[in-house]
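Peer 1: no FASTA, just this:
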């Protein structure tokens with residue numbers, strides 16, 4: 001019985017991380033993740049876990065994450081592109097990657113997140129606190145120059 005409870009816990013945690021029921025089921029040692037999602041006890045457990053997680057996310061966490069996206073380095077994304085996808089994906093920080101494509105010739109195309117948009121959002125959050133981030137934003141936006149074109153589709 002305890003083994004089943006542990007499998008349910010593993011499935012729910014994995015599912016909330018990847019949102020792929022088949023992958024979560026495989027991690028939990030189960031076969032059909034879609035069937036597991038139909039079970040009432042799984043649905044209740046997922047709901048409790050979502051509520052607990054939502055209660056733990058604070059405004060400071062969002063600000064910190066936006067700052068990481070806006071100011072983060074893209075070295076690992078460049079490493080992935082230069083190694084033609086042969087790099088150890090588990091060891092790379094690819095949080096700045098918005099899209100990744102493997103070309104017909106085996107090359108890797110990487111589109112990065114829109115840093116200016118992250119900065120705009122970050123500054124908006126900071127200004128609501130009464131802090132004047134406008135000067136900081138303008139200096140960073142000017143320094144970013146051509147980066148704005150990434151998400152102007």
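Peer 2: Looks like it came in fine. Computed from a predicted model, the values in this text were never measured in an experiment. Numbers count the residues shown, from 1 in each chain.
Peer 1: so the spatially closest residue to residue 12 that is not a sequence neighbour: helix, strand or coil?
Peer 2: The spatially closest residue to residue 12, leaving aside those adjacent along the chain, is residue 45, at 5.0 Å (Cβ to Cβ, 6 or more residues apart in numbering). The C-beta positions use only the backbone N, C-alpha and C, and glycine is treated the same way. Assigned by DSSP: H, G, I helix; E, B strand; the rest coil, the conformation of residue 45 is helix.
Peer 1: give me the neighbour count for residue 45.
Peer 2: For residue 45, the count of nearby residues is 18 (other Cβ atoms under 10 Å).
Peer 1: again, but for the one 3 residues further on
Peer 2: By the criterion of other Cβ under 10 Å, residue 48 has 11 neighbours.
Peer 1: how close does residue 23 get to residue 87?
Peer 2: Separation of residue 23 from residue 87 (Cβ to Cβ, to the nearest Å): 21 Å.
Peer 1: how is this protein divided into domains?
Peer 2: The chain breaks down by automatic domain parsing into domains covering 2-56, 59-151.
Peer 1: for the first one, the distance to its chain's centre please.
Peer 2: Relative to the centre of its chain, domain 2-56 is centred 19 Å away, using Cα atoms, centre = their mean, to the nearest Å.
Peer 1: now do the same end-to-end measure for that domain.
Peer 2: In domain 2-56, first residue to last residue: 27 Å (Cα to Cα, to the nearest Å).
Peer 1: what ranges do the strands span in this structure?
Peer 2: Ranges of strands within the chain are 97-102, 108-112, based on DSSP state E.
Peer 1: quick one: contacts for the residue nearest the centre of the chain?
Peer 2: In the chain, the centroid-proximal residue (Cα atoms, centre = their mean) is residue 95; its distance is 6.1 Å. By Cβ atoms under 8 Å, 6 or more residues apart in numbering, the residues touching residue 95 are 68, 69, 72.
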